[in-house]
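1. A predicted structure for the sequence below; I have some questions about it.
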Amino acid sequence: MVLTLLKEQRETMNKQRTDFTHVTEDDGHSCRAHWGDTVRVDFMSWLEDGTLIDSSVYKTPLIFTVGTHSVIEGIERLVIGMSIGESRTEKLPAGSAFGPYRPELSCRVSRSWFRSQAVKLQIGLGLDVRKMDGSLRHMIVTGLDRDYVTLDANHRLAGESIMIQLDLLEILDPSSRDDSDK
């Protein structure tokens, strides 16, 4: 069922990307994405077992500036060198996706504190926890037992490799960059 839905979403994505804005460089060649370009992409991401993570198929395409770290590293790396209308699919290792799982971002806290604060605990509950320096860290309840609560600040996909498909729809204002490296 999951793989059928994923296939249907890919087909819908391919149908939707027939109307591209084509930008060409002075020499008439198709423009390629570079570091510092603002790009608009359709994307789909899924786990290796076919479970869909996210997709822009039924949403607005993703717009970001390459190199600003506003998206995961693997997406930035994958879009560099793509031409408008090009599609790429690649497996991203955990380090290029949501990072490795870091055990130091998980901790066990006495359940009595939560009782004193009248917090209704359940697995998956998100909490903003104040750190020693006063900043807040978002953590998820990942374990409960009689005496302790396990909190985890890792992304839910930390340590996972993912598959990503990118379709470059547009390079916004490529004329503002230095193209001396053509």
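-> Nice, thanks for sending it over.

2. in the protein, what residue sits furthest out from the centroid?
-> Ser116 (36.9 Å; C-alpha atoms, centre = their mean).

3. how about the residue nearest the centre of the chain, what does it touch?
-> In the chain, the residue lying closest to the centroid (C-alpha atoms, centre = their mean) is Ile72, at 5.2 Å. When contacts are counted by C-beta atoms under 8 Å, 6 or more residues apart in numbering, Ile72 touches Leu92, Ser96, Ala97, Phe98. From N, CA and C alone the C-beta is placed, and that goes for glycine too.

4. Format those as a markdown table; extra columns: secondary structure.
-> Listed next are the contacts of Ile72 as a markdown table, based on DSSP: H, G, I helix; E, B strand; the rest coil:
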| residue | secondary structure |
| --- | --- |
| Leu92 | strand |
| Ser96 | helix |
| Ala97 | coil |
| Phe98 | coil |
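
5. what's across from the spatially closest residue to Gly81 that is not a sequence neighbour in the sheet?
-> In this structure, Gly81 finds its nearest non-sequential neighbour in Arg32, 5.4 Å apart by C-beta to C-beta, 6 or more residues apart in numbering. Residues in a beta bridge with Arg32, per DSSP bridges, are Ser83.

6. quick one: Arg32 and Ser56, what's the gap?
-> From Arg32 across to Ser56, the span is 21 Å (C-beta to C-beta, to the nearest Å).

7. same question, Met82
-> Computed as C-beta to C-beta, the Met82 to Ser56 distance reads 16 Å.

8. which intervals of the protein have sub-threshold pLDDT?
-> Where the chain drops to pLDDT under 70, the residues are 1-30, 174-182.

9. Run through the strands of it in chain order.
-> Using DSSP state E, the strands of the chain run over residues 38-47, 52-55, 62-65, 87-92, 106-110, 126-130, 136-144, 148-152, 162-172.

10. Looking at those strands, which is nearest to Arg77?
-> The closest of the strands of the chain to Arg77 is strand 87-92. By C-beta to C-beta, the value is 8.7 Å.
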